[in-house]
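In: pasting the structure only:
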Ligand code: RRO
């Protein structure tokens, strides 16, 4: 029997699949449902200090090889999110609190609250590609990445993972910055800045015009980012971007990821995707003679 359990910075997962931030993570009930369908861990919707409605519709469009979204950080705000976290924790699997802020103080407050609520780790969203004053506007500045990571690290005891943007020329420089600042892991990648045009109307489809691209079309980019980060830091990596099958997950693991997140895959295949991917990983490992996930982590980078 192969063992598909894994661990990230001391957090033990029964399998390497996690729900990605932003997908069915707004309520405790939806998070519990994903836990029941077999995910190894849950990542919440990115939560900010105040409630936000997000961008007006259309905020989501399916394109040929992936999905474009510009949700605009809709969330209920940190105060009322306590109840949802408490509910999600009942699943008995690790819950990671994703947070976004506009400055250091907001990140400190959000991380402190999430820790109080009982989450197992924090995911700093420094990479939303289309929200003014948040996300990538901070995450594309190495000094800000360093300052925010350091500040949050000083405020909480639980591990801090930083979700990085692929919309930079050298992602490994940002990963090295997180390592220097004391971060405990990297989540790679958030969505790519992209857009869709409605030719009949001669205008962009998304109300925000620009959005974030996810799904199968970004898998090769995610793999490259994980591979480069693995080669340049010693931090554990959580791979995300276009994972729809066990084979996709194995590719990310071989590039350097110790666990993976599924986002668009839930849209394409439904909640059953977690159990399906786990079964396919097991079958791959059995067929290819691997006994543990860690035997595969980063092997594509070893010469
Ligand atoms: O809410 C969003 O529009 C959003 C976020 Br916070 C993010 O991190 N990435 C993305 O593609 N969309």
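Out: Ah, there it is. Everything quoted here is computed from the prediction, not taken from an experiment. Numbering: from 1, shown residues only.
In: which residues in the stretch 101-250 of the chain form helices?
Out: Shown for the stretch 101-250 of the chain, the helices assigned by DSSP state H, counting those that start in this stretch span residues 104-117, 136-139, 142-155, 171-180, 219-232, 246-255.
In: how far is the shortest one from where the chain is centred?
Out: On the basis of Cα atoms, centre = their mean, to the nearest Å, the separation between the geometric centre of helix 136-139 and that of its chain is 15 Å.
In: can you check the fourth one too?
Out: Between the mean C-alpha location of helix 171-180 and the chain-wide mean there is a distance of 17 Å, by Cα atoms, centre = their mean.
In: That one packs against which elements?
Out: Applying 3 or more Cβ pairs under 8 Å, 6 or more residues apart in numbering; DSSP states H and E, one finds that helix 171-180 contacts helix 142-155, strand 185-188, helix 219-232. Bear in mind the C-beta positions are built from the backbone N, C-alpha and C, glycine included.
In: hey, which of those is tucked in deepest?
Out: Greatest average neighbour count among these goes to strand 185-188 (a mean of 29), per mean count of other Cβ atoms under 10 Å.
In: For residue 142, give me its contacts.
Out: Going by Cβ atoms under 8 Å, 6 or more residues apart in numbering, residue 142 touches 173-174, 177.
In: Next one: it from the ligand, what distance?
Out: 19 Å (Cβ to the nearest ligand atom, to the nearest Å).
In: circling back: rank the helices of the stretch 101-250 of the chain by pLDDT, which is bottom?
Out: Sorting the helices of the stretch 101-250 of the chain by mean pLDDT places helix 136-139 lowest, at a mean of 86.
In: which other helices and strands contact it?
Out: Against helix 136-139 (3+ Cβ pairs under 8 Å, 6+ apart) you get helix 142-155.
In: Specify the angle between the helix it packs on and helix 104-117 in degrees.
Out: Relative orientation of helix 142-155 versus helix 104-117 (axes from the mean of the first three to the mean of the last three Cα atoms, to 10 degrees): 40 degrees.
In: rewinding a little: among the helices and strands packed on helix 171-180, which is nearest residue 281?
Out: With Cβ to Cβ, the closest approach to residue 281 among these belongs to helix 219-232: 15.9 Å.
In: Show me what that closest one is packed up against.
Out: Against helix 219-232 (3+ Cβ pairs under 8 Å, 6+ apart) you get helix 171-180, strand 185-188, strand 237-240, helix 246-255.
In: for the last one, which positions count as buried?
Out: Read that as helix 246-255. The neighbour-count check on helix 246-255 (16 or more other Cβ atoms under 10 Å) flags 246, 248-255 as buried.
In: Beyond it, next helix or strand please.
Out: strand 259-262 (DSSP states H and E).
In: where in the stretch 1-150 of the chain is pLDDT low?
Out: Judged against pLDDT under 70, the stretch 1-150 of the chain has no low-scoring part.
In: Max pairwise distance over the buried residues of helix 246-255: which two?
Out: For the buried residues of helix 246-255, and using Cβ to Cβ, no pair is farther apart than 246 and 255, which are 14.9 Å apart.
In: got the end-to-end distance for stretch 278-296?
Out: Length of stretch 278-296, first residue to last, Cα to Cα, to the nearest Å: 15 Å.
In: buried residues in that stretch?
Out: With burial defined by 16+ other Cβ under 10 Å, the residues of stretch 278-296 counted as buried are 278, 280-282, 284-285, 290, 293, 296.
In: List the contacts of residue 255.
Out: By Cβ under 8 Å, 6+ apart, the neighbours of residue 255 are 223-224, 226-227, 230, 239, 298, 300-301.
In: what's the closest of those residues to the ligand?
Out: Comparing those against the ligand with Cβ to the nearest ligand atom places residue 239 closest, at 15.8 Å.
In: what's the neighbour count on that closest one?
Out: 32 (other Cβ atoms under 10 Å).
In: cool, and the one 3 residues further on?
Out: Applying other Cβ under 10 Å, we find 27 residues neighbouring residue 242.
In: And for residue 139?
Out: Using other Cβ under 10 Å, residue 139 has 26 neighbouring residues.
In: Could you list which residues are in contact with it?
Out: So, once contact is read as Cβ under 8 Å, 6+ apart, residue 139 ends up touching 126-127, 145, 164-165, 174.
In: Quickly note the distance from the closest residue in space to it that isn't next to it in sequence to the ligand.
Out: Nearest non-adjacent residue to residue 139, counting by Cβ to Cβ, 6 or more residues apart in numbering: residue 126, 3.1 Å away. Between residue 126 and the ligand the computed distance is 9 Å (Cβ to the nearest ligand atom).
In: Am I right that residue 126 is in contact with residue 141?
Out: No - taking contacts as Cβ atoms under 8 Å, residue 126 lies outside contact range of residue 141: 9.2 Å.
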